[in-house]
Every structure is written in C-alpha cells, then in structure tokens.
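>>> Using only what follows, build the 3D model:
(chains A and B)
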Amino acid sequence: MSGSAHSEHAESKVRYGMVIDLDKCTGCGACSVACQQENNVSFRPDESDKLRTLSWMTLYRLENGAGYPDYRAAMLPRPCMHCDSPHHSPCTFVCPVNATIRDEHTGIVDHVAVRCIGCRYCMVACPYHARSFNWWDPKWPKSMEAMLTPEVSPRMRGVVEKCTFCHHRLNLARDRARLNGEDPDSVVYTPACAEVCPTGAITFGNLKDPNSDVAKLAKDPRAFRLLEKLHTEPKVYYLSSAQWIRRQSDNGL
Amino acid sequence: MSLGRRAFLQFVGGAIGGTLLTPIPWKLADDSAIWTQNWSWRPSPERGEITRVRSVCQLCPGGCGITARLVNGRRAVAVTGNEAHALSGGGVCPMGASSLQYLYAPYRIQQPLKQMGSRGDSKGFKPVSWAEALKEVTAKLTKLRSEGKSHTVACLTGQKRSTMARLWKRFLTAYGSPNFYTMPDAADSMRLAVALTTGRDAEVGFLWDKATYVLNFGAPLLEGWGSPVYLQKVFGRWQTEKPGVPRTVLVHVESRASLTASKAHRWIACNPGTEAALALGIAHVLVRDKLYDAAFVAEKVFGFEDWTDATGAQRKGFRNVVLAKYGVEETAKITGVAPQTIQDLARELAKQKHALVVWGQDKGDKPNSLYHDLAFLALNALLGTLTPSGTVVLVPPDPWGDLPEPVLDTEAYRGAGQTALGRPSTVPRTKAPVNTVLPFLEALASGSEYPVELLFIHEANPAYSLPETALVTQALQKAAMVVSFSSFMDETTQWADIILPNHTALERLDDVIGLPGAPYVYYALASPIVKPLYDTKGTGDVLLNLAAAVGGGVAESHPWKTYEEVLKATVASIAKAGTGLVATAGSFDPASVLPGRPLQPNFKDAADLWNKLKAGACWVDAPAAVESFATPSERYELACQGLMVSISPTAADDLFMPRFHPLKPSGEESEFPLLLVAYASLMLSEGYVPNTPFMNKLLPDDVLRKQDVFVEIHPETARTLGLADKAAAVLKTPRGETPVRVRLTTAVKPGVVAAPQGFGHTAYDEYVQQKGFNANSLVEVQLDPITGLGTLWATRAQLRRA
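Next comes the predicted model:
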C-alpha cells in the first residue's frame, strides 16, 4: 500500500493549504469561473438545480439573520477542504476503489475520475458538499469545444469530481523544478482561483513552511475552519473578524 | 461419456481458476473501463505547446489586464488576469474570466447578413458578401448626402471609452449629422455637473488610496461600479492591516443591503433614491455648525453666500438655501435616516483628514439627476476635497489632444446646423458633450421631428439593456434602415436590415481610454489574442472603408487606411505629450500618483510606447491638480451661472444650485403601493453581452430557479400580500407585468421590491434564453427636465399572488 497510511509519511515537509479572507472576499465569483475554465467543468443550459450541478468552487451566501437595516450578508467560497485528518479524509476512507486518495507527500486529496465507479459514497461522506456527480455526459456547444484545456481531462457520465487544488499546476511546477535541478518539494504554485481573485482574498501555499503567507495567516486570530468539531482537519482556513460569520462555521453549510 | 454433477462442477471450477490465472479477466476489466470512459462524444482536447498572450479586456469600461492561454497558438483555452498590469494586478471579474465563451459562442454572427424577409424576423437573414453589404450601405450614405439629408443618419455605440467612439463621432461630423450617441453612462450627467461647477470638461476621479474615510452614496463599489477589478483591489488594500496605518473606513448609503453595503464598515439604510437628500442634510449640518472647509469656501467658492445674477437680481446663496430647506428633521423625514445619524455623519466627515464623498448607481451606466450630481459635488466642495491636497481630482477625458480636426464640406456644415433629434433646448451649453439617447429614441419612435433614414448600432444591445425596452423596439422599427455591427445575434440585431459583424473583443486591436472613477489618466491597447474565427471585420476598418467610399470631406477627414493607423496616431500624440509612464505592477505604486505631479516617461518614443502597450501594459499619468476654475466667477460655482440659459430668469433661487429633486413616478399609489428597484451584480451581465454559461453556474437557486427569477421582498411586505417564501407572484408596474417568485429577506426595506438586472433574454441560445424577466422592461425612466438624460430611481409596482 502506498500513500494511504498517514504515519508512514509523517516526515513530509509539504502540506498545501489555502486561506480565504472573508473580510476581503466580495463574492464576485471570479474564482469559481476561473476554476470551471481551468478544469473543464461542464455546464448545462439550466444550472439552477444545485443538487445536480457540477461545482468545485461553490459560493455560499451567509446571512446574519438580523432584521432590516441590521441585515448583513457575506459570501463564502468553498473549495475542497483537502481534509488532513489522521489516516484518512472522510472521502478517502469510504472509497472502495482507491479512486480518491490523499497524496501523503503533499496533502492533496486527489480524485482519479477514470478509477471512479460512481458509487458516490464519498459524496455522502464529505461533510462539506465539496463533491459533485456527473449525472449526464458532459456536452459543450460544438464551437466551445475549442476552449477545452488539454491540461485536465474532461470527465464522463457516472463519476464524481471535485477540486484538486489544481494539482496539474503542481505537477508542472515540480517538473520544472526537477529540470532546473531544484528541490521539487520546495515549489510554490497557485491554483486558478487564487490566481484571479481580484481582492487577494485567497492565499495558497505550504502550511508547513513557517515563512509562507498561508502558514502565517492560518495562525491569525481571525482564522477558523469549517466544522472543526468533526476533526476532519481541513487545510482550507477562513479569516473573518465578524462574530456572526465565525459562529456559522460549526453549523452545516 | 456422461458428465456427472461432480465432474461438471470440477470442470467449471477448474475453468474459473484457470481463467483467473491468465491475464484475460484483468485485461477485459481494464478494456471495459477504458471503453466506458472513451465515448466518442466526450471531447478529447487537442494537446500542444501552451503559450500566453497579454491584452486588455474590453467587455466593460474597466480596462483590466488579461492573459490568454493558447494551445498551439490558435486555440484559446483560458483567460485570467495579467499580474503585471499596474491597476488590475492579476485580478479579473467573472465576466472577464469567462470571456472566451463569447469568442466561441454558438450565437456569433459568422459573416455579413442581410434581412431578406420582414424586419425583426430572425430567420430572414441571408449571408451576403462583404463587398455587397458595404456597397449597399455606401449607396444609402451617398444618396442621403446628395439629397441633403445627412442629418438623418445616426449612430449609437456602446464602446464609450475607446478611439472607436471618437471615430464614429468624427465620421458623423464630417458626414453632416449631429446624431451621435453613446450608450448612457454616469459620466453623461457628471461631466455636465463638473462643467457647470468648475468650467472644465472632466470626469471625477477619486483618490481611493489616500482617503481615510469614504462616504459612499449608493455606488456599488464591489458589484461592478467604475472599474470593477481596480476597485476590488482598492478594497483589498483597505482590508489589509498595515502596522501604524489606520484602516480606511467605508460608510455606504443605500436602501438595500447590497454586498457593498454588507461589506462596508457601516451601512446607512435610506429610502430608495433619497441619497442626494441625505447629502444635503449633511451639508446642512456642516454649514450650520461651521464644520466646512472655510478657507476653501471663502477663497474658491461662488454662490455660498447670496449672489447677484447677470440680470442684477439678488439671489440667495447655498448657505441660506441649505439652512432653510434641508434641516436635519426634514432630511430625516425624506430619507428615513435618524436625525442623530445625520449629525453624526456630518461631524465624523468633518473630523477626517482625508474624507471622500462618492456617489453612483449600478455599473456606472445610468446618468444621474443633474441636481443630485451637483449635491454630491457640493458636499465634496464643502469638505475641501477638491483642493490640490484633497481626495477628488478632475480627470480630463482627452489630456493629450484629439485627432486632427475633421474637414467640413458644405453638407457637413449644413448637418452641423441641425439640432440633434429630440434634444431639449434646456440642455446647458458647456464644454461637456451631450448624450441625450432617450430623447433621441423617443423622438424617433414618435416621429415627432425628422425621420432617421439610417441608424448604425455598434457594440450595443439597446433593445435589451436600455431601460424602457418597449420604446427602443418601437424606435428601431421606425428607423428606415438599421445597420448593426454586432458580433452576436442579440435582441437589437434581430431588427437590423444589414449586419456587418465586428470581430469580438478578443479578436481585434482596440483601445481603452480612461478608467471610470480612478484618479488617473489611463490608456491601454487591447491586442487580439487569436486570429478572427469567422468572416468578420473590425468596425474601425469598415468605417474607414465607408468614409473613403462616400468621398468628399468625409474621405478627407479620414486619411488613415486602417484602424491600426488611427490607434498609432493616438499613441503618437500620447508619446508627444511627454508625460505619463508605462506602468507595471511591482514597480508602480497606484497610491503614489498624486494630482499635479506628472509622471516621468519610461519609454523612448511612440514606437516603443506602441510596442509596450501592445504587449498588454498600460499607460498611466497623474491628472492636473485643481488649482483654478474656468467658470464665469473663476470659482467653484455652488450656484451655477451656466444654468441661466436653461431655466427662466424668474426661477426660484434654489434652481441654480444643488437640491433634492425626485421626479414623480407614474402610476397611482393606490394601484402600485410598492417601489421597484433593480440591482446589478458582478455575476450578471446586463450590458452588450449576456451571461455566460460559466456565470450562470454562480447564481444561487434563490435568484434563479429553472425559468423563475426571484425578487426580494421584506417578510412584512410578504405578510401583507399573503406570500410565502419562494411563492409565485405577478409583478406589475406601469410599464408591464411579469411572473416572478419572491425571496423573503430583510435585506430590503418593507414596501420595496428588488429585482436583479441581467435576466430575460429572448435572443442568443438555450444557455441564455428564457430565464426570468428583463428588469429593463419594467422600470420607468424619467428624463431629467434640464439635461434630458434618462434617470432611474424607483418605479411604482404592485405584487400579487399568481
């Protein structure tokens, strides 16, 4: 068995993670669009059935529940949390075919669509609703097939898909590092969502590198994670100074 | 030989065991897995070398830097931000990020088309050659000119901040028509207000990075107003803690809890459309308690004290008017903001070292009431933000001088003498251009003045995106001939006789002039990222072609062979002006640009500047500081003497100065007890281009569910109407009615209905069509009685159970 036992790789010095500053996030949606484009996420004429739609980076509206004019809303972008709980993430634990596994070297929870048998145990297990199922064959308008990127394969009907922290970008960066004779474990890369965020709300990097922005921000007093009580140990942190936002982090989304 | 039961089982067992020892089952399982995942209809993207091209986005006036990723140099697969761009620094908005879905849209027009059936029949278009189509348009242009009807040619362009707009204007001037229009913009009224008060033609720029306290009257800073990504970047800086630097405080005034209101440090909820009254109420407190910038007002302001007009009549000044009319109690009654809050806001503002007052609406595409623009400007003037050390600057739209004057022949002179169709005589004569689009369309629809023989529509979809869509469709039908330059089969283009499709924004060379709301003089070139996919032509080139074919003064006025030459001429004049630099992120600090301190050029000559701009960089300069005013009084005019021609000399004193001037919406309150406000969002496009499939995925299912669009109402409103959350209802205004569903939320005030803009398309494809209703077909435009510009604030509405 390779890579599934957490303790075997306790030495890894890389743990990619993300910090999303909700005080900066304006909920514009650029991250989600960039993600769809980067990863060939397919779309249909009607995208309003949120139980059937494919979405790797979903925006949730949080509300403080107060009456007019004390009402406030905030948007919360939700990628895959890449849970770092010991031994297994909730999804990797239940996958019968090793289609979804955690790369213990980087901490990224991968999903290999061609191995996936579509049982959707992982979707049930994921407390963050981070996974979507391909209920239909992906179909693009003929002229739009030209804009599919070769870096990520389009998925097929009957498999699950989810955010990969753009690990194809990591692979490219690691290849480049090897070619340049550098340490592939020291590479820094940026997922598509963090790259386009106009307010700089999304920070990405190695949580184990104490000098990285992401590691510093994860220790910020404003930092929190979603559903921490489940001990899934998400590697996606949120920052907010608003109590009413922080309070919602432990409720279901 | 007989096969016993035992032997049979042994044989089967042996066969299974034997097969399992061969690779056959594994090979079969593998093959079937591969087979099931390689359906022929699942596309396999072609691989190849990946390259990057940098350019500037043209989908809105925001002027953001973009990077396109290409496979084998011809297939664009992604558009992201350009991290080297000085002002958008790697960020994009959802529309910019999905711009490839316009390039590769199935609803693109692929060659010139001519309507062979009856007008408006989307099936009646037949392909024609470029030569044929251009010949027909040239023939019409030549005929009208020879008949002395050149003024009956009109143009409406949506590309407001580009050399294209200047080229259109130039073409019409040389041809002999005053009927040049751009799609409505907040600058239409603001430039008039600036011209009246300061005597200059300029837009207002705000020093966002310098301000320590921003009082924002209604501008959705985080939802697409101004230059969206630039402002998001500014907001990101405001929200970043810097040791020793106090955070900039954003106070937002609006009726609805928009995202900007929610993200602001403080939200002041007012009644819809009463922001200007609140501004005057605050001005009242500043004047009453002597909290205003007394030195600036004493030395640089006219009309604060009582004044004498040109006829010698004694008139009340701003001080007396505002003291008498906008008392805290009165303002509180109009705005619904508590009297104490008004006083606190005034005191807080006065305390600030660098206060800033901002105002606006939607995505900056709606002109304001002139008096309201004056009111917000006045509040800035009282706070002294217009001084060289203040937070407000005047950004000239054309700092490096325009193209050479067009050559005017006799017909051009004759045309120049004609009044623009529908233009009211009250429009003040200032240096600012006048853009009376709606009066033009009204006059065209009613046929009240002269007919329009030829209407050019360029990069605009007025039949969808102008308020009062019914009026636009009527007007389109009245024009004798409509030529559309649209790249897409949109609602307006369906009414065209001839379509001369433009390259899309990502296929053409074009430019962006100025960034709305930013305190910089800005110029950028947008280079094509791919070769044109279809048989389209850039409209700039087509226009030069038409000019040459018409001949005479029109041809002489357009000495360029290609649009690229025109752009090169513009870039050459920037290089000649000798200030400003090619800014790149990292080496350029947006906060360091201060008015009156021109930047030192970092390029050699025009050719060098051209190459740098073509590579996706932008040119930035600081605007001049406001040292003096070019008004009759040579001061900032709180009482606008320029309005003397617009209003009768016997008019009341307050008609010359800022005032709260709501226009009465039509309909009876008994029939329409609610107020409808339409809101903009970055997830929704309500302009020239529709929503992309990528953007549709962002929309929550309590905004759009299947074909139903949700309007927001307060639970109290719902209770009185007997509506439950998500219930179906009918929304009716004096302009029309539509089925809706309701979302109960305390984000809106009781009695208000908030509807999203950007739905209800009937054109394009199945990804866009049949989703809800177009808010523009329900809202009511009110023409400003002075400027004739179409303003929008709230429409009376009725909501009933379906």
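>>> Residue A:137: what's it in contact with?
The contact partners of residue A:137, taken as C-beta atoms under 8 Å, 6 or more residues apart in numbering or on different chains, are A:156-157, B:39, B:41-42. Where C-beta positions appear, they are placed from N, C-alpha and C, glycine not excepted.
>>> one more time with 10 Å, if that's ok
A:42, A:154-158, B:39, B:41-42 (C-beta atoms under 10 Å, 6 or more residues apart in numbering or on different chains).
>>> Send me the host helix or strand of residue B:472 as CSV with only the CA atoms.
Assigned by DSSP states H and E, residue B:472 belongs to helix B:469-478. The C-alpha coordinates for helix B:469-478 follow below in CSV (Å, rounded to 0.1, in the frame of the first residue of the first chain):
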residue,chain,number,x,y,z
THR,B,469,-37.2,48.3,-23.8
ALA,B,470,-40.6,48.7,-25.5
LEU,B,471,-39.6,52.3,-26.5
VAL,B,472,-36.3,51.1,-28.1
THR,B,473,-38.0,48.4,-30.1
GLN,B,474,-40.5,50.9,-31.4
ALA,B,475,-37.7,53.3,-32.3
LEU,B,476,-35.8,50.6,-34.1
GLN,B,477,-38.9,49.8,-36.2
LYS,B,478,-39.3,53.5,-37.1
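>>> Check the offset of that helix from the chain's centre.
22 Å (C-alpha atoms, centre = their mean, to the nearest Å).
>>> in that helix, what counts as buried?
The neighbour-count check on helix B:469-478 (16 or more other C-beta atoms under 10 Å in any protein chain shown) flags B:469, B:471-473, B:475-476, B:478 as buried.
>>> repeat for stretch B:598-609
Within stretch B:598-609, judged by 16+ other C-beta under 10 Å, the buried ones are B:598-599, B:601, B:603, B:606, B:609.
>>> for it, the distance to its chain's centre please.
On C-alpha atoms, centre = their mean, the centre of stretch B:598-609 falls 30 Å from the chain's centre.
>>> Do you have the strands of the stretch 51-200 of chain A handy? List them.
For the stretch 51-200 of chain A, the strands defined by DSSP state E, counting those that start in this stretch cover A:58-63, A:73-78, A:100-103, A:108-111, A:131-133, A:160-162.
>>> Would you mind giving those as TSV with mean pLDDT and distance to residue B:152 added?
Formatted as TSV, those follow (pLDDT from 0 to 100; distance: least, C-beta to C-beta, whole Å):
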stretch	mean pLDDT	distance to residue B:152
strand A:58-63	96	50
strand A:73-78	97	50
strand A:100-103	95	67
strand A:108-111	96	63
strand A:131-133	97	56
strand A:160-162	97	58
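>>> picking up where we left off before, would you mind checking the contacts of residue A:137 for buried ones?
Buried among the contacts of residue A:137 (16+ other C-beta under 10 Å): A:42, A:154-158, B:42.
>>> wait, which of these is closest to residue B:357?
Nearest to residue B:357 among those is residue A:42, at 46.6 Å by C-beta to C-beta.
>>> Are we agreed that residue B:731 is in a helix?
No - counting by DSSP: H, G, I helix; E, B strand; the rest coil, residue B:731 is not part of a helix but strand.
>>> so which of the strands of the stretch 51-200 of chain A is the most packed in?
strand A:160-162 (a mean of 25; mean count of other C-beta atoms under 10 Å in any protein chain shown).
>>> Tell me the secondary structure of the residue in the stretch 501-650 of chain B that chain A sits nearest to, please.
With C-beta to the nearest C-beta, the shortest gap between the stretch 501-650 of chain B and chain A falls at residue B:533, namely 8.1 Å. Secondary structure, three-state DSSP: residue B:533 is coil.
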